[in-house]
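>>> return atomic coordinates for the entry below.
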Amino acid sequence: MLTIGYVRQGRIPVTLKCLKQKEPEFEPRTLGEHFKRYRLQRKLSQIAAARVLEVNPCTILNWEKGHTEPPVEAVPAPLRFLGYDPFPEPRTLAERLLAMRRAMGWSIRQAARQLGVDRDIDRVMGARWILSHEKESVAKSG
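Below you'll find the predicted structure:
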C-alpha cells in the first residue's frame, strides 16, 4: 500500500493497482517468436533489445511479427542473445550445413570457401538462380 497526500495533518491511505504483464503463453516456432518470448521473460523492451543487438527497433518488431527473418549472416547475434539455438536438430547434411552457416554467420559463398569448394560455387549459385527463375516464369505462363 502506498500512502500519498495529506488531509488536515492526517494521511490518506491509497492502494494503487495496475495490470501485471502476462507471461508469454505460446510455444515459439520461429526465431522471432523465440526472441519475443525471451525478451518478454526478461522484461526487455524492443528498444532495449535492439540496442543490445545494435539494430533498429523496427527490425526486432519485424522479426517478432514474422514479417522478416534475420539474414544468415546476422543470425549469430540473436543466437548469442538467446543463449541457445532454437532451430530443430539438423538431421541431413544440408540441414547440418545450414546450422553451421547460421552459427558462424556465413553466406553460401563464405561457407564454400571455408569448405574448400569455392571454385565451383559460382556455377552452383548460377544454376540455382536460373532454376528458380525458370520456375517463376513457368508459373506465370501456366
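
>>> only C-alpha atoms for contact and neighbour calcs from this point on.
Will do.

>>> which positions in whichever strand or helix holds Lys36 come out as buried?
Taking DSSP states H and E as the definition, Lys36 sits inside helix 31-41. Within helix 31-41, the residues scored as buried using 16 or more other C-alpha atoms under 10 Å are Leu31, Gly32, Glu33, His34, Phe35, Lys36, Arg37, Tyr38, Arg39.

>>> same thing with stretch 93-110?
Those would be Leu98, Ala99, Arg101, Arg102, Ala103, Met104, Gly105, Trp106, Ser107, Ile108, Arg109, Gln110, for stretch 93-110 by 16+ other C-alpha under 10 Å.

>>> circling back to that earlier point, does anything pack onto the helix or strand following the helix holding Lys36? Which helices or strands?
Next in sequence after helix 31-41, counting helices and strands by DSSP H and E, comes helix 46-53. Contact here means 3 or more C-alpha pairs under 8 Å, 6 or more residues apart in numbering; DSSP states H and E; on that basis helix 46-53 packs against helix 57-65, helix 76-82.

>>> which of the buried residues of stretch 93-110 lies closest to Gly83?
Checking these against Gly83 by C-alpha to C-alpha gives Ala103 as the nearest, at 11.9 Å.

>>> so for the helix or strand that contains that closest one, mean pLDDT?
Taking DSSP H and E as the criterion, Ala103 maps to helix 93-104. The predicted model assigns helix 93-104 a mean pLDDT of 89.

>>> likewise stretch 56-72?
Stretch 56-72 shows a mean pLDDT of 93.

>>> sorry, back to before: in a markdown table: the buried residues of stretch 93-110, plus distance to Phe81.
Shown next, in a markdown table, are these (distance: C-alpha to C-alpha, whole Å):
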| residue | distance to Phe81 |
| --- | --- |
| Leu98 | 20 |
| Ala99 | 17 |
| Arg101 | 17 |
| Arg102 | 14 |
| Ala103 | 13 |
| Met104 | 15 |
| Gly105 | 14 |
| Trp106 | 18 |
| Ser107 | 21 |
| Ile108 | 23 |
| Arg109 | 26 |
| Gln110 | 23 |
